[in-house]
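> starting from these lines, generate the structure:
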Amino acid sequence: MISTPNDGWSFATAREPARLGARQVNGVPGVDHAVGARGTLCGTAMRYTTRYLHLFEPDALQSCRRCGELAAAVPTQPCVQERLHARVEGAAPGSVRDDLLAALRRGANVRLWINGPSAGLARDHAKLDGLTDGAGPAAEACGTAPTIGMARVEDGPWRFLVVLPEDGGRPVVARGPLDRH
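Below you'll find the model as predicted:
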């Protein structure tokens with residue numbers, strides 16, 4: 001088992017603020033409001049607003065102060081390590097999976113998490129030839145579906161590869177030494 005100290009880090013301390021969309025009230029340009037289920041957090045109905053393709057930034061000068069206050073009360077979201085941990089728990093039991101789960105609980109660096117065409121991801125991101133544990137099942141998982149999810153995690157001397165089938169199948173975890181070059 002790998003144990004690299006990361007004092008004070010936990011899923012609870014690493015949770016992220018909610019990401020809320022931005023809208024502006026029609027006829028009142030220049031003020032961003034946070035989007036809620038039925039309208040802005042400060043109470044304007046959706047039909048009186050225009051959506052913008054950026055996230056609401058509570059501390060920005062152009063942001064509605066009331067929406068900013070209410071956005072701070074919106075529950076936080078799991079960090080990337082916690083989200084990947086939940087997915088990896090479904091992988092076949094084994095020491096590689098257990099080591100990765102422990103590394104994620106310590107805040108290991110999730111270097112990449114991407115979805116796309118399996119052939120391209122395997123070619124450009126998997127680095128299968130550098131894996132020492134689970135390379136065969138990882139390569140096989142890369143070829144089982146047209147699209148997959150893939151994550152790379154770095155922890156101490158190790159690089160973990162997680163192949164996440166989009167069909168809801170079991171994730172595959174592999175590992176190899178981290179190439180520091």
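> next, count neighbours for the closest residue to Arg15 other than its chain neighbours.
If the residues on either side of it in the chain are set aside, Arg15 comes closest to Thr76, at 3.8 Å by C-beta to C-beta, 6 or more residues apart in numbering. All C-beta spots, glycine's among them, are computed from the backbone N, C-alpha and C. The number of residues packed near Thr76 is 11, by other C-beta atoms under 10 Å.
> what pLDDT does Thr76 get?
At Thr76, the pLDDT value in this model is 88.
> count the residues that sit near the closest residue to Thr144 other than its chain neighbours.
Leaving aside its chain neighbours, Thr144 sits nearest to Pro165 (6.6 Å; criterion: C-beta to C-beta, 6+ apart). Pro165 is flanked by 17 other residues according to other C-beta under 10 Å.
> skipping its backbone neighbours, what lies nearest the residue positioned nearest the centre of the chain in space?
In the chain, the centroid-proximal residue (C-alpha atoms, centre = their mean) is Val80; its distance is 3.8 Å. Setting aside the residues directly before and after it, Val80 is nearest to Val110 in space (C-beta to C-beta, 6+ apart), at 4.7 Å.
> surely Gly68 is in contact with Pro58?
Yes. Between Gly68 and Pro58 there is a contact at 3.7 Å, judged by C-beta atoms under 8 Å.
> which neighbours do those two share?
Listed contacts common to Gly68 and Pro58 are Ala34; contacts here mean C-beta atoms under 8 Å, 6 or more residues apart in numbering.
> just checking, Gly130 touches Arg175?
No. Contact criterion C-beta under 8 Å: Gly130 and Arg175 do not qualify, at 9.8 Å.
> looking at these two, which is more packed in?
Shown here are Gly130 and Arg175; by other C-beta under 10 Å, Arg175 has more neighbours (26 against 15).
> picking up where we left off before, can you list the strands that the helix or strand containing the residue nearest to Val80 pairs with?
Using DSSP states H and E, Val110 sits within strand 109-117. Strand 109-117 sits in its sheet next to strand 147-155 (antiparallel), going by DSSP bridges.
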